[in-house]
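# Sequence and predicted structure, then a few things I'm wondering about:
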Amino acid sequence: MQYKIALLPGDGIGPEIIAAATQVLDTVAAKFDHKFQYTNALVGAAAIDAVGDPYPVETDAICKQSDAVLFGAIGDPRFDNDPTAKVRPEQGLLKMRKSLGLFANLRPVQLFDSLVDRSPLRPEIVRGVDFLCVRELTGGIYFGERGRTGISGDPDEQAFDTCTYTRTEVERIVRMAFELAMKRRRKLTVVDKANVLETSRLWREVAQNIAKEFPAVETQFMFVDNAAMQLVTRPVAFDVMVTENMFGDILTDEASVISGSLGMLPSASIGSEHALFEPIHGSYPQAAGKNIANPMATILSAAMMLEHLGLNAEAKSIRHAIDQSLAAGIVTEDLLGTHSTSEVSAYISDAI
Ligand code: IPM
Ligand code: MG
């Protein structure tokens, strides 16, 4: 089969890890007799530098014409340290999520056995961790009305951000989380702050209703502060966790370190028409161009992309090759290895 893949390398280590992933994808294509037809597109600081827009219309069009999008990373310290910057790489990311309708962000957290000692948590706490965070991605405080009122510099000057959710927005993500739980260990934790926030009370009401359609799923409600604690005290107790945009942003960073390296975690952002796959880690500017970044999160994101396209055996071959690479110690420095980005991807390709 032939598939159209949009490649958005973005900033920092983005180009290197995307090159690593396409090397692996090409090997999969040869082995399973597929053709991946890539189209490159600009995003992030790279796009600001080239055309003054972090998510140009051409990029949007290329994404919309593709079967899937493989995304590297965005972010550049030049913008982080300038609070007055008019245009930021991150705006591109939010525009892209909204335009492609990517309302569900899936971040699986899994501990590879060979990395148990790399986790900041004790082995007896993390061994066997395997859960899925489902983060709402196109609503809430990220997209609500924001601004300033009053006179600039005045003590009464005010800033505000608003968090809003419609019932439909909550229903579609919560339903997806229940469906995912059905395919896993059938346990769903709905994370909110319903003791304080009205949006959270809507979430809880919606989730309680949908739970009736999924009697096989054990549903649990948890306040976000408690969830933050349970993630580090009893992470093995989670199966699927669903939450709103900003809670999900924070909890998934916390959850990500459990696995031993941020460099291991893939993600999928799914909508009803489009899907995008990217590593959880950012652009890691200090490592850009050095061929030292761990490509595994991006390669695993490519595996999630293949699963999304229905290519399960192909995805499995990638996961298996990653296991072999870990077992053989062919890993980058974040995993205390001595191998380069391209050596790791070459090993994984050969293993496939
Ligand atoms: C993420 C990132 C983004 C977010 C930033 C870069 C805007 O932290 O994908 O989790 O907050 O969603
Ligand atoms: Mg984040």
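Great, that's in hand. Residues are numbered from 1 along each chain as shown. Ligands and ions are numbered 1, 2, ... in the order given.
# For the stretch 201-350 of the chain, which segments count as strands?
218-223, 240-243, 266-270, 275-279 (DSSP state E, counting those that start in this stretch).
# again with the stretch 1-150 of the chain
According to DSSP E, counting those that start in this stretch, the strands that the stretch 1-150 of the chain contains are 2-10, 35-40, 68-73, 104-110, 130-136, 146-149.
# Partner strands of the fourth one and their direction?
Taking DSSP bridges as the criterion, strand 104-110 forms sheet pairs with strand 130-136 (antiparallel), strand 266-270 (antiparallel).
# Now do the last one against strand 68-73: the angle between them, please.
Taking axes from the mean of the first three to the mean of the last three C-alpha atoms, to 10 degrees, strand 266-270 and strand 68-73 form an angle of 130 degrees between their directions.
# Can you classify Leu188 by secondary structure?
Assigned by DSSP: H, G, I helix; E, B strand; the rest coil, the conformation of Leu188 is strand.
# I'd like to know which residues of this structure are adjacent to ligand 1.
Residues of the chain lying close to ligand 1 by C-beta under 6 Å from any ligand atom are 90, 93, 249. Glycine gets a C-beta too; all of them are placed from N, C-alpha and C.
# my guess is the first one meets Gly75, correct?
The reference is to Glu90. Yes. Between Glu90 and Gly75 a contact is recorded at 7.0 Å, counting by C-beta atoms under 8 Å.
# higher neighbour count, the two?
A direct count of neighbours by other C-beta atoms under 10 Å for Glu90 and Gly75 places Gly75 higher, at 21 against 15.
# these two touch, right, that one and Gly14?
No. With contact defined as C-beta under 8 Å, Gly75 does not reach Gly14; the gap is 9.3 Å.
# Which neighbours do those two have in common?
Residues touching both Gly75 and Gly14 (C-beta atoms under 8 Å, 6 or more residues apart in numbering): 44, 283.
# pLDDT of stretch 207-216, averaged?
Average pLDDT, stretch 207-216: 98.
# Could you give the number of residues near the residue in the stretch 251-352 of the chain that ligand 1 sits nearest to?
Ligand 1 sits closest to Thr252 of the stretch 251-352 of the chain, with a gap of 6.5 Å, by C-beta to the nearest ligand atom. By the measure other C-beta under 10 Å, the count of residues near Thr252 is 22.
# so what's whichever residue of the stretch 201-350 of the chain sits closest to ligand 1 closest to, chain neighbours aside?
Residue nearest to ligand 1 within the stretch 201-350 of the chain (C-beta to the nearest ligand atom): Asp249, separated by 4.3 Å. Closest residue in space to Asp249, ignoring its immediate chain neighbours: Arg135 at 6.9 Å, by C-beta to C-beta, 6 or more residues apart in numbering.
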